[in-house]
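**Q** Sequence isn't available, so here's the structure alone:
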């Protein structure tokens with residue numbers, strides 16, 4: 001698959017890094033993750049790294065031996081070792097374990113699709129998903145990224161930021177990614193919705209990322225000065241959603257948020 005991105009300088013990625021091989025290895029995995037079909041050839045990756053094919057080939061061989069990537073014919077994909085490493089990371093996050101325990105016992109959330117996500121710049125990364133409602137199948141899987149403007153949990157998280165930080169992320173005229181006719185289009189529209197979120201204490205997404213689906217979300221109080229920015233969301237089918245149901249969902253999301261943000265409370 002041809003790579004249309006601008007090739008890097010002749011010095012190549014990582015030339016100024018204290019450990020160029022590590023920087024380039026990370027870039028290989030980032031490029032594979034960002035690829036449309038998850039596959040890239042040696043030529044694609046050499047172009048991405050800006051280094052000769054021979055050097056790229058040696059790097060790919062080392063990553064393949066470590067099971068961090070996998071070779072499929074002339075193409076490379078991410079390796080299964082990354083799944084093991086990701087699972088190990090998540091298993092050590094107390095917040096994720098408490099998330100599952102709470103959802104299983106909550107009167108309303110136990111029958112819904114609930115997710116926990118972490119803020120990452122202008123995106124969120126989904127860390128875990130509890131599926132209590134088999135009818136709601138979403139495209140966002142664990143590890144997936146979603147622009148904050150397209151999801152309730154992303155908007156609940158950035159609503160906590162200072163206005164000057166939000167302005168730095170989104171100008172009023174900024175064009176936002178669009179997935180449905182109801183997706184927000186500009187930074188000004190996003191900021192107007194953030195003001196509402198601050199007033200009501202939760203975010204509501206009305207078919208902005210998936211037609212026929214609504215979502216409610218709250219942020220989790222930060223645990224410690226350097227704790228991750230976490231948010232919780234619950235998804236429902238719009239055809240069966242009611243305001244009474246939404247009120248109960250928000251109530252239980254807030255209870256879970258307090259539990260995650262203050263485990264001793």
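**A** Received the coordinates, thanks. Everything numeric here is computed off the predicted structure, so don't read it as measured data.
**Q** Past the helix or strand of the chain with the lowest mean pLDDT, which element shows up next along the chain?
**A** None of the helices or strands of the chain scores lower by mean pLDDT, DSSP states H and E than helix 81-91, at a mean of 73. Counting by DSSP states H and E, the element after helix 81-91 in chain order, helix or strand, is helix 94-105.
**Q** Pull out the buried residues from that next one.
**A** 95-96, 99, 102-103 (16 or more other CB atoms under 10 Å). (Each C-beta comes from the backbone N, C-alpha and C, glycine too.)
**Q** Now do the least confident helix or strand of the chain against helix 94-105, angle only.
**A** Relative orientation of helix 81-91 and helix 94-105, computed by axes from the mean of the first three to the mean of the last three CA atoms, to 10 degrees: 80 degrees.
**Q** How about residues contacting helix 81-91?
**A** With CB atoms under 8 Å, 6 or more residues apart in numbering as the test, helix 81-91 has contacts from 29, 66-68, 96-97, 127-128, 142-143.
**Q** all helices of the stretch 1-150 of the chain, in order?
**A** For the stretch 1-150 of the chain, the helices defined by DSSP state H, counting those that start in this stretch cover 20-34, 42-49, 53-65, 81-91, 94-105.
**Q** Tell me which of these lies nearest to residue 186.
**A** Closest approach to residue 186 among the helices of the stretch 1-150 of the chain is made by helix 20-34 (25.4 Å; CB to CB).
**Q** So for that closest one, mean pLDDT?
**A** Helix 20-34 shows a mean pLDDT of 89.
**Q** Distance from it to the middle of the chain?
**A** Here helix 20-34 is found 19 Å from its chain centre; the criterion is CA atoms, centre = their mean, to the nearest Å.
**Q** what do you get for stretch 237-244?
**A** 25 Å.
**Q** Equivalent analysis for stretch 203-211, please.
**A** 16 Å.
**Q** One more: stretch 101-115?
**A** Worked out by CA atoms, centre = their mean, stretch 101-115 lies 21 Å from the chain centre.
**Q** From the contacts of helix 81-91, pick the one nearest residue 46.
**A** Closest to residue 46, out of all of these and judged by CB to CB, is residue 29, at 15.2 Å.
**Q** where's residue 200 relative to residue 261, distance?
**A** 19 Å (CB to CB, to the nearest Å).
**Q** of the two, who's got more company?
**A** Legend: neighbour count by other CB atoms under 10 Å for residue 200 and residue 261, higher for residue 261 (16 against 10).
**Q** Helices along the stretch 151-265 of the chain, start to end?
**A** 152-158, 163-169, 187-200, 243-261.
**Q** Turn those helices into TSV, columns for mean pLDDT.
**A** Below are the helices of the stretch 151-265 of the chain laid out as TSV (pLDDT from 0 to 100):
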stretch	mean pLDDT
helix 152-158	96
helix 163-169	95
helix 187-200	96
helix 243-261	93
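**Q** Please work out which of those helices is packed deepest.
**A** helix 152-158 (a mean of 28; mean count of other CB atoms under 10 Å).
**Q** circling back: orientation of the least confident helix or strand of the chain relative to helix 20-34 in degrees?
**A** 90 degrees.
**Q** re the thing from before, looking at the helices of the stretch 1-150 of the chain, which is buried most?
**A** Counting by mean count of other CB under 10 Å, helix 42-49 has the highest mean neighbour count of the helices of the stretch 1-150 of the chain, with a mean of 21.
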